[in-house]
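[1] Pasting a predicted model and its sequence here:
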Amino acid sequence: MPATGELRMPSPDLFMLTARAYQGTAAIKAAINLDVFTAIGEGAATASEIGQRCGASQRGTRILCDFLVILGFLTKDGAKYALTQDSAVFLDRRSPMCVASAANFICDSRMTGMVDSLTDAVRKGGTAMLDGGTTTPENLVWVQFAESMAALMTVVAGAAGHALGETAARATKVLDIAAGHGMFGITLAQQNPKMQVVGLDWPQVLEVAKRNAQKSGVADRYTTLAGSAFDVDFGTAYDLILLPNFLHHFSVATNTKLLKKVHAALAPGGRIAIMEFVPNEDRVTPAEAGSFALTMLASTAEGDAYTFRELEGMCRGAGFSNATIQALPMLPTSLIVAEK
């Protein structure tokens, strides 16, 4: 830190770090593909030992591991590498909380490539992807999302279930809209043995959710509804309707229209639970929530990272009341609950 009154010299460091940020994405993807974190967790410590376990060259392993040290994923003592606490919990495949599979989606070329047309998206005000972005009907990217993100979303779902408390404990009929991997509804069903869950998504995506319901022991209480949330008949008398990470893909007007449909499907006194990246009114804090808007600009025609004021306005416009927001511990997403 410069002393009081001392002028800070201009530096290109931020530009250089940002311009080379793609290397971090490539490095974490390579490390997960090679199972570097698991190899170290199992006892490999030197570049030679790690490379041997991972089927990689000693030179390549040494350079990759050094870069992971610089990024903060590994520590180094002499020639020996070790996992940080975060890497041991979330990136060693032996850990029950390992989320390494999420890299298959987050670091996939279809996702990283969407920013290649960001200049055009900024000019246009929406995605410039040639295929129309991620909200096109039955987009196969959501099958990959469902297959890759279940482990990470199970952590989020567990936090959301805890935050819902009595609302989830009392609910016996639940609709999970844009269910994807299904883990939000599945996790609640595991916590409440009286709960019946309906997962709604595209047919191919729901195949993933059904497999996860089977593995989680709730298949007898998990049914599916295939199609677009904007078109299919939801049914009625739901105690709770989940909307996890969905509204950010669409405009305020589109979301309000959908929420009216959700409102009609709830039983009297029923509630909606929305999980979203919610920035503050300044739209730049917290950083991860604020920066999510750029992802929506690059990948959707009208999506955004909405503030709580905007989300509460959508809920109110659809007939909901008493909207509240709660941050989920150690996660970039928030839980918004509103009543019919």
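    Perfect, I can see it now. Keep in mind that what you see is a predicted model, and the values were worked out from it rather than measured. Numbering: from 1, shown residues only.
[2] which residues in this protein form strands?
    74-77, 80-83, 173-177, 196-201, 222-226, 238-244, 266-276, 321-327, 334-339 (DSSP state E).
[3] which one of these lies closest to residue 211?
    The closest of the strands of the chain to residue 211 is strand 222-226. By CB to CB, the value is 10.7 Å. Using the backbone N, CA and C atoms, a C-beta is placed for each residue, glycine as well.
[4] tell me the domain ranges of the protein?
    Using automatic domain parsing, the domain parsing of the chain gives 13-98, 110-339.
[5] With distance to residue 7, mean pLDDT and mean neighbour count as added columns, please give those domains in JSON lines.
    Formatted as JSON lines, the domains of the chain follow (distance: least, CB to CB, whole Å; pLDDT from 0 to 100; neighbours: other CB atoms under 10 Å):
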{"stretch": "domain 13-98", "distance to residue 7": "16", "mean pLDDT": "97", "mean neighbour count": "16"}
{"stretch": "domain 110-339", "distance to residue 7": "25", "mean pLDDT": "95", "mean neighbour count": "19"}
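[6] Of all those, which one is nearest residue 104?
    So among the domains of the chain, domain 110-339 is nearest, using CB to CB, at 3.9 Å.
[7] Return the distance of that closest one from the chain's centre.
    10 Å (CA atoms, centre = their mean, to the nearest Å).
[8] show me what contacts the residue lying closest to residue 237 once chain neighbours are set aside?
    Once flanking residues are discounted, residue 237 sits nearest to residue 267: 4.5 Å by CB to CB, 6 or more residues apart in numbering. By CB atoms under 8 Å, 6 or more residues apart in numbering, residue 267 lies in contact with 173, 236-239, 340.
[9] From residue 170, how far off is residue 267?
    11 Å (CB to CB, to the nearest Å).
[10] same deal with residue 100?
    In terms of CB to CB, residue 100 sits 36 Å off from residue 170.
[11] doesn't residue 225 make contact with residue 209?
    No: using CB atoms under 8 Å, residue 209 is not in contact with residue 225, being 10.9 Å away.
[12] Overlap of the contact sets of the two?
    residue 199.
[13] Tell me where the stretch 1-150 of the chain has helices.
    Applying DSSP state H, counting those that start in this stretch to the stretch 1-150 of the chain gives helices spanning 13-19, 21-34, 36-41, 47-54, 58-71, 85-90, 103-106, 109-112, 118-124, 141-164.
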